[in-house]
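dropping the sequence and predicted coords here.
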Amino acid sequence: MKKEVASIPFTTYQKYAIFILAITQFSVILDFMIMSPLGDTMMKSLSMKPSQFGLAVSAYAFSAGISGLLTAGFADKYDRKKLLLFFYTGFILGTLLCGVANNFLFLIVARVVTGLFGGVIGSISMAIITDIFDIHHRGRVMGFIQMGFGASQVLGVPISLYLANIGGWQSPFIMVAVLSLAIAVFIVIKMRPVTKHLELQHDRNALSHLLRTVAKKDYRVAFMATALLSIGGFMMMPFGSAFAINNLRISAQQLPTLFMVGGVSTLLFMPLVGKLSDKVDKFKIFVGGSLWMIVVVILYTHLGVSPLWLAIVFNILMMFGIMSRMIPSSALTTGIPEMEDRGAFMSINASLSQIAGGIAAAVGGMIVVQKDKFSPLEHYDTLGYVVCGVTFVAMLLVYRVDRVVKRKLHESKV
């Protein structure tokens, strides 16, 4: 029965919804992704110390996390399309401010504004997906939506670096703002209102709705799982380029190739993993991806000076493991909240993901040591072991999420 449901083709409007949400995610992810490759240029242009640049990066994550908590109580009180447009407009404004920033303080303010609005967009998109698609289709849908991550590496990062070389580091942010404005127009014209959840609202005010959402035990299990998954992801990511350059001895000129090949691999893997999640079992795919990633992380973090091809191979293997965890776990999480709680649930979930990611990056910075800017990173292998340990705990929590989702599906059939 499950295979028959999963094989039902999407309607024309569902395909459009997937496309518009995917390119929306692409723009938001690209805004976040380009900070790392532009780091050296930005620090020199704005006379920033590495610690200041780190603050500029984390400012987005923490402001996004705070925004998610503040807006959670209101997330189910409005048409989700209008909510998406409101926050996407603020995101465009914040990105534009990044493009005109001319000093460190201005940049911090711009990143905070961008995070306040951009950090909520993912949770609104997830709520829309959950409203439009049933649980049996969400693996496939998440496979396409998450392609924004791969597309940002394949197209966004190389194009951004090219524009930065021509017109300065501000150019990529201006590009993202213009692209996002065009996407906003498409949302206005083509996306239908998403209001079915409004018929089920019972809480009189936003605070009671927020507290009621947090109070549910099943929801808290999903929140904890998401936080741990974010910790495992964010611990290594900020130091990936530094490890490649200083330990593997990959040149700065070869980095775009590493990004691009890794991005292409995710574009190929995501639809496949999404289909397998729907046809086989989401939790089994998640466990397989987690175990795969643990092995790859241990091997990768112990590498010394290596040729580019070997770094590319490990990057592809790593991406496959990450996608095999991200897609099924995201699809499972969408099966937890009731329709009337989805907006609040997704906002809180995204908020905890951002905050946990910010904390993970800070803790990772405490573990990894570099004597000077040209020396290899030390204790990167220790960081890998910590990530593996967190991954094992996350597997236990996602197992509990899987049990809750399957219980709900069983109850809905009775």
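Perfect, thanks for sending it. Owing to the predicted nature of the structure, the values given are computational and were not obtained by experimental measurement. Numbering: from 1, shown residues only.

in the stretch 51-200 of the chain, which spans are helices?
Remark: helices assigned in the stretch 51-200 of the chain by DSSP state H, counting those that start in this stretch are 80-100, 104-132, 138-145, 147-151, 157-167, 170-190.

got the contact list for the third one?
To tie it back to what came earlier, the one meant is helix 138-145. Helix 138-145 is contacted from outside by 6, 18, 21-22, 25, 125, 129-130, 133, 270-278, 282, 327-328, 330-331, 334-335, using CB atoms under 8 Å, 6 or more residues apart in numbering. Any C-beta I mention is one placed from the backbone N, CA and C, and that applies to glycine too.

try 7 Å
Contact with helix 138-145 is made by 18, 21-22, 25, 129, 133, 270-271, 273-275, 277-278, 282, 327-328, 330-331, 334, as judged by CB atoms under 7 Å, 6 or more residues apart in numbering.

related to what we said a few turns ago, M235: which of the helices of the stretch 51-200 of the chain is closest?
Among the helices of the stretch 51-200 of the chain, the nearest to M235 by CB to CB is helix 147-151 (17.4 Å).

for M346, which of the helices of the stretch 51-200 of the chain is the nearest?
helix 104-132 (3.7 Å).

ok now that closest one, how far from the chain's centre?
Helix 104-132 sits 11 Å away from the centroid of its parent chain (CA atoms, centre = their mean, to the nearest Å).

buried sites along it?
Neighbour counts using 16 or more other CB atoms under 10 Å place 104, 107-132 of helix 104-132 among the buried residues.

likewise for stretch 211-223?
Buried residues in stretch 211-223 (16+ other CB under 10 Å): 212-213, 216, 218-219, 221-223.

one more: stretch 280-300?
280-283, 285-294, 296-297, 300.

what do you get for stretch 365-382?
Residues 365, 367-368, 370, 376-377, 379-380 are the ones in stretch 365-382 that count as buried (16+ other CB under 10 Å).

now do stretch 191-200, average pLDDT.
Stretch 191-200 carries an average pLDDT of 74.

right, and the helix or strand after the helix or strand where I294 lies?
I294 is part of helix 282-300, with elements assigned from DSSP states H and E. Where DSSP H and E defines the elements, the next helix or strand beyond helix 282-300 is helix 308-333.

which elements pack onto that following helix?
Counting contacts by 3 or more CB pairs under 7 Å, 6 or more residues apart in numbering; DSSP states H and E, helix 308-333 packs against helix 138-145, helix 217-234, helix 255-279, helix 282-300, helix 380-413.

ranking those by mean pLDDT, which is last?
Note on these: helix 138-145 shows the lowest mean pLDDT, a mean of 71.

and that helix, C-alpha only, in PDB?
Extracted C-alpha coordinates of helix 138-145, given in PDB (Å, rounded to 0.1, in the frame of the first residue of the first chain):
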ATOM      1  CA  ARG A 138       7.500  14.100   2.000                       C
ATOM      2  CA  GLY A 139      10.800  12.200   1.500                       C
ATOM      3  CA  ARG A 140      10.600  13.000  -2.200                       C
ATOM      4  CA  VAL A 141       9.600  16.600  -1.600                       C
ATOM      5  CA  MET A 142      12.400  17.100   0.900                       C
ATOM      6  CA  GLY A 143      14.800  15.600  -1.600                       C
ATOM      7  CA  PHE A 144      13.900  18.400  -4.000                       C
ATOM      8  CA  ILE A 145      13.700  21.200  -1.500                       C
END
